[in-house]
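In: need the 3D shape of this:
(one chain, ligands or ions: 1)
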Amino acid sequence: MSHHGDADASGPRIRRGPQTLRGAAAAGPTFDQLLLRSDDPRSSERQSTTTDAWRVLRIQGEFVEGFGALADLGPAISVFGSARTGPGAVEYEQAREVGRRLAEAGFSVVTGGGPGAMEAANRGAKEAGGLSVGLGIELPHEQGMNDWVDLGVDFRYFFVRKVMFLKYSQGFVVVPGGLGTLDELFEALTLVQTGKVTAFPVVLLGRDFWGPLVDWIRDSLVARGMVNPADVSLLQLADSPEEAVDLVLNTVAGGRWPDREDWDPDHQRLTADHGFASGDPQ
Ligand SMILES: C/C(=C\CNc1ncnc2c1ncn2[C@@H]1O[C@H](COP(=O)(O)O)[C@@H](O)[C@H]1O)CO
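Out: I've put the predicted structure just below:
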């Protein structure tokens, strides 16, 4: 699907679930906006209950579709990063190289299916002959799945989509990004920290970009007792695509990362000596 020509005389194109809409047909809220609004003018208690009940079924259907589409994916790494990093930018080329190296190592590459770093990682994977996966999201005025996705699944709900990233990936490479990237990064870290998932490697590519965030976590959050020092070691910093891919794949392949034995149930956190083979995140 090309991105070109989306905005013409009839206005920008948006997607609502399986529908692609323009102009008058695109008026009105998205499914996410309807779900999350608290001031729905149409909602008597009965209508609201009925509507939400149907939404639950739609959400259920989205899980079923996602699980069905991805069940046979095999080894996969997710790449998160800015939707706004354009071709030619250093970060775009780095994400592309990450996608390429992961594919060459036999891993499927999973992204949010959008533009920027997502497109770059999908592109690298496809160029290397790997399976390039996009978990798209319905957004107002979204541009649609990028051209480099081979297996694309669209979601209406961010939270359903996040489950798919976490369920079907053995690790994460995170390239520079904004709020969406931070959301995905911290979702993964929180689930590891709280023992909701078996831990997996999280590699941050770009020491200049991510270093200050890791410093802040250690110097402020750890220093104030809000984060266990061991949790900081869940993050691994890399300077190059090669290093990022090596770190994530070494950890997946043979590294020892936290499992249930490293979980301290009394304190609801990882023990400090779990031996995560991450190297120094500083
Ligand atoms: C803003 C633009 C396009 C938005 N399209 C997106 N499509 C798919 N996934 C997206 C999109 N925007 C954000 N995401 C998800 O969040 C991460 C990037 O967000 P950030 O705020 O840019 O860091 C990314 O990993 C996606 O999963 C085009 O102008």
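In: how far away is the residue lying closest to Asp231 once chain neighbours are set aside from Met226?
Out: In space, and not counting its chain neighbours, Asp231 is closest to Gln193: 4.9 Å by CB to CB, 6 or more residues apart in numbering. C-beta coordinates here come from the backbone N, C-alpha and C atoms, glycine included. To Met226, Gln193 is 11 Å away according to CB to CB, to the nearest Å.
In: neighbour count winner among the two?
Out: Gln193 (20 against 10; other CB atoms under 10 Å).
In: quick one: stretch 108-122 to chain centroid distance?
Out: Here the centre of stretch 108-122 is set off from its chain's centre by 10 Å, with CA atoms, centre = their mean, to the nearest Å.
In: just confirm yes or no for that stretch near the ligand.
Out: Yes - using CB under 6 Å from any ligand atom, stretch 108-122 reaches the ligand at 112-115, 118.
In: ranking by neighbours, what's the top pick from the residues you listed?
Out: That'd be Met118 among the residues of stretch 108-122 next to the ligand, by other CB under 10 Å, with 33 neighbours.
In: and that one, how far from Thr181?
Out: Met118 is 10 Å from Thr181, by CB to CB.
In: joint contacts of the two?
Out: Common neighbours of Met118 and Thr181, counting by CB atoms under 8 Å, 6 or more residues apart in numbering, are Gly81.
In: avg pLDDT for the helix ranked longest in the chain?
Out: Across the chain, the longest stretch assigned as helix under DSSP state H is helix 45-70. Averaging pLDDT along helix 45-70 gives 82.
In: and that helix, what other elements does it pack with?
Out: The contact analysis (3 or more CB pairs under 8 Å, 6 or more residues apart in numbering; DSSP states H and E) places helix 45-70 against helix 31-36, strand 151-155, helix 158-168.
In: so can I have CSV of those showing mean neighbour count and mean pLDDT?
Out: CSV is the format used below for the helices and strands packed on helix 45-70 (neighbours: other CB atoms under 10 Å; pLDDT from 0 to 100):
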stretch, mean neighbour count, mean pLDDT
helix 31-36, 14, 74
strand 151-155, 19, 94
helix 158-168, 18, 94
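In: that's all I had, so thanks and see you.
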